[in-house]
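[1] Predicted structure and sequence below. I'll ask about it afterward.
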Amino acid sequence: MIKPSSPTQDHLRHYPLSFLDQVSPMVYNPMVLFYSCYGITQTQFTISEKLKKSLSDVLTHFYPLAGRVNGNSTFIDCNDEGIPYLEAKVKCKVVDVIHKPVPGELNHLVPFLLDDITNITFGVQLNVFDCGGIAIGACLSHQIADGLSFFMFLNSWAAFASRGEQA
């Protein structure tokens, strides 16, 4: 579990969901970002540690993602429980997946079943291919964010991760 690097302030611990969010389908929106082994100079351990550290840092700004949907789906309890972070080995090359994707097989690159109802709002899976390439799979609850919000979060996370290289 990756927790925010700073605790959520008490007055922000109850994040109400809008009516539309409350009635939206309880599914996860998936995203998989592929990176070939070309240009990757860091070890799998270094990449994983950088992803976890930057994720912890960015979660302080996107604190509802580290919380849990309450039982009746009217608010997010921003309790800093954290998000699941998984790592998987993939027994093929990135190019094989990109050139001939099999939609059902791509589901193995994300941390959750897409229609599994749970109170966890976000999860990440780092996939390491035999060739050295990686894929970062993420699932975000449709109840808490739409596609644009998902992209904004991923861009912020990338900025936090790249900032670490400059320090």
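    That came through, no problem. Residues are numbered from 1 along each chain as shown.
[2] Distance of the nearest residue to Gly123 once chain neighbours are set aside relative to Met1?
    When the adjacent residues along the chain are set aside, Gly123 lies closest to Pro111, with 3.7 Å between them (C-beta to C-beta, 6 or more residues apart in numbering). Where you see a C-beta, it was placed from the backbone N, CA and C, and this is true even at glycine. Counting by C-beta to C-beta, to the nearest Å, the gap from Pro111 to Met1 is 12 Å.
[3] of the two, who's got more company?
    Pro111 (20 against 11; other C-beta atoms under 10 Å).
[4] mind listing the helices for this protein?
    19-23, 44-59, 94-99, 103-106, 147-166 (DSSP state H).
[5] Most tightly packed of those?
    Of all the helices of the chain, helix 44-59 has the most neighbours on average by mean count of other C-beta atoms under 10 Å, namely a mean of 17.
[6] among the helices of the chain, which is nearest Gly133?
    helix 94-99 (3.4 Å; C-beta to C-beta).
[7] which strands and helices sit next to that closest one?
    Counting by 3 or more C-beta pairs under 8 Å, 6 or more residues apart in numbering; DSSP states H and E, the packing neighbours recorded for helix 94-99 are strand 28-35, strand 134-141.
[8] isn't the residue nearest to Gly123 right next to Phe122, touching?
    No: between Pro111 and Phe122 there is no contact, the gap being 9.0 Å when judged by C-beta atoms under 8 Å.
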